[in-house]
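> Model the structure of this input:
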Amino acid sequence: MLMVIFGAGASFDSVPSRPPEQYPDLEHRLPLANDLFADRKLFTETMTSFHEFIPLVPLLRRPPANLSVEGMLQQFQTEADRYPIRLRQLAAIQFYLHMVIWECQRYWQDVAKITNYATLLDQIELWRGKGGYESVCLVTFNYDTLLENALPFIGVRIQDIADYIGSKVYKIIKVHGSMNWARDVKTPIDNILNKNAWQVAHELIEKAEFGLELTDTYRIVGSHPIGTYDTAPNTRVPNYPALAIPVESKRDFACPGNHLDVLRECIPQITKVLIVGWRGVEAHFVELLRGLNRPTGIGGVVVGGQYEWGNEVAVRLQHLNVSWRPSHAGFTEWITNGEATTPSARASSRRSSASCSIDNASRLRWTRAWPFSTSSKAGTTHAAAIPPSTTSRP
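Numbers count the residues shown, from 1 in each chain. I've put the predicted structure just below:
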């Protein structure tokens, strides 16, 4: 079984005609974590729609030294124990994230009609037809639905929550939720039939300070902001965004329990891993990956935008039973330069002496780690321990 793990860098570099190095300032490019609260017109307008967290915005745009955006958000969560207003502000942030990613993708769709996701899935399906493994587990940390939009090209259509794990071949796990997922809320909203989604959303934000009771019922919704869902004529339930706030030490998943059950069932079957734009910092998910325990080892490729960034991920995950091969490329370059279809000898040999020194045996083991090779076996982890980059990265 192949596992593909998508992080924010995949959607950031999702359109081959708009690679970020050539188009660095596009207003509606889907953001990396550090840019979720950036000073973009769309982002600022959406913040004012969920004004409850406006006092936190300056700290999210320019966190104190030694803190990332995720670290700042984690600090806010910690402060909520002694300052309950933080709960209201954090609830507003969840509504903001749902809304801003939805709106960002709506504009991005003008250029995102052709994406790297579709090409990658096509290559995976081609690989399967050539004798590759029968099943694939696609794991994404992204709130957007660019992956879902590409799935029909391989015959998978998502119309209901159950469809994510309904295919016999492809299991899709959105571990941190989705911009178009909602959870039903038990906490009552008075006179809900006479309130619109905006009114209900803000009432839920206000009630968050005193605690909201969320159910385990997840829904795909077709409009934003999330606020209500009509379960029957004259029967309406309040809805809450089903997505996780990005904090450094994420402890919770934001997807249905049976999706996590499927993920846990898949992990012991994995023989190849492809990482695209994921930094490998979510400890709760990395802990699950300890189940990658095949005796022969597992081959893995990391596509992280630059070799150094991919290598940082490989080092961070070197305790896993995976032989990692960091790529020099980002998602677009990896798709278009041929690495996604055949192992690139050029990419394997073009190593910076400042980063690591590769002998022929290591290069061979990296080739064996190629995710779409059907005859290779993984060796051990081969990643140079380099200092973490200070540059913002996927």
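> Quick check: what element follows the lengthiest helix in the chain along the chain?
Selection of the longest helix in the chain by residue count, based on DSSP state H, yields helix 85-108. Note on helix 85-108: by DSSP states H and E, the next helix or strand toward the C-terminus is helix 116-129.
> buried set for that next one?
Residues 116-121, 124-125, 127-128 are the ones in helix 116-129 that count as buried (16 or more other Cβ atoms under 10 Å). All C-beta spots, glycine's among them, are computed from the backbone N, C-alpha and C.
> just stretch 137-155 next, same as before
137-151, 154.
> Report the distance from it to the chain centre.
Its chain's C-alpha centre and that of stretch 137-155 lie 10 Å apart, by Cα atoms, centre = their mean, to the nearest Å.
> likewise stretch 156-171?
18 Å.
> so how far does it reach from one end to the other?
Separation of the first and last residues of stretch 156-171 by Cα to Cα, to the nearest Å is 10 Å.
> what's the answer for stretch 204-215, then?
End-to-end for stretch 204-215, by Cα to Cα: 14 Å.
> for stretch 37-52, same thing?
14 Å.
> on that earlier part again, out of the buried residues of stretch 137-155, which two are the most distant from each other?
Y143 and I154 (21.9 Å; Cβ to Cβ).
> where does the stretch 201-350 of the chain have low pLDDT?
Residue ranges of the stretch 201-350 of the chain with pLDDT under 70: 250-251, 342-350.
> how about the helices in it?
257-266, 283-288, 307-316, 331-336, 345-349 (DSSP state H, counting those that start in this stretch).
> ok, back up a step: narrow the buried residues of stretch 137-155 to those in helices?
Those of the buried residues of stretch 137-155 lying in helices (DSSP H): 146-150.
> Pick the one among those closest to E203.
E148 (29.7 Å).
> which residues touch that closest one?
Contact analysis of E148 by Cβ atoms under 8 Å, 6 or more residues apart in numbering lists 158, 172.
> Let the chain start at 153 from now.
Sounds good: first residue 153 from here, last item E300.
> ok, it to L242 distance?
Distance of E300 to L242, computed by Cβ to Cβ, to the nearest Å: 26 Å.
> Tally up the residues packed near the closest residue in space to S201 that isn't next to it in sequence, please.
Excluding the flanking residues, the one nearest S201 by Cβ to Cβ, 6 or more residues apart in numbering is M251, at 6.8 Å. Look at M251: counted by other Cβ atoms under 10 Å, it has 22 neighbours.
> ok, the residue lying closest to L273 once chain neighbours are set aside - contacts?
Closest residue in space to L273, ignoring its immediate chain neighbours: I306 at 4.9 Å, by Cβ to Cβ, 6+ apart. Neighbour list for I306: 273-274, 276-277, 322 [criterion: Cβ under 8 Å, 6+ apart].
> Can you name the two of these that sit furthest apart?
The most widely separated members of the contacts of I306 are D274 and Y322, with 12.9 Å between them, by Cβ to Cβ.
> and the spatially most central residue of the chain, what does it touch?
Nearest residue to the geometric centre of the chain (Cα atoms, centre = their mean): F293, 2.0 Å. Shown in contact with F293 (Cβ under 8 Å, 6+ apart): 157-160, 327-328, 430, 434, 437.
> that older thread, what's the closest of the helices of the stretch 353-502 of the chain to Q261?
helix 483-488 (17.4 Å).
> Show me which residues of the closest one are buried.
483-487.
> Might you report the residue contacts of the closest residue to P377 other than its chain neighbours?
Of all residues not flanking P377 in the chain, A353 sits nearest, at 4.9 Å (Cβ to Cβ, 6+ apart). A353 sits next to 202, 247, 377-379 when contact means Cβ under 8 Å, 6+ apart.
> Next one: the residue nearest to the centre of the chain from T423, what distance?
22 Å.
> Could you do F189 as well?
Counting by Cβ to Cβ - F189 and T423 are separated by 39 Å.
> which one of the two has more residues nearby?
Set F189 next to T423 and count neighbours by other Cβ under 10 Å: F189 wins out with 28 against 19.
> need the contact list for that one.
Per Cβ under 8 Å, 6+ apart, neighbours of F189: 195, 199, 209, 212-213, 221.
> how about 10 Å then?
183, 195-196, 198-199, 205, 208-215, 221, 224-225, 245, 248-249, 252 (Cβ atoms under 10 Å, 6 or more residues apart in numbering).
> filter the residues you listed to the buried ones?
183, 195, 198-199, 205, 208-209, 211-213, 215, 221, 224-225, 245, 248-249, 252.
> that older thread, could you dump the contacts of I306 to a markdown table with pLDDT and distance to D315?
Shown next, in a markdown table, are the contacts of I306 (pLDDT from 0 to 100; distance: Cβ to Cβ, whole Å):
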| residue | pLDDT | distance to D315 |
| --- | --- | --- |
| L273 | 95 | 16 |
| D274 | 93 | 20 |
| I276 | 91 | 18 |
| E277 | 91 | 18 |
| Y322 | 97 | 10 |
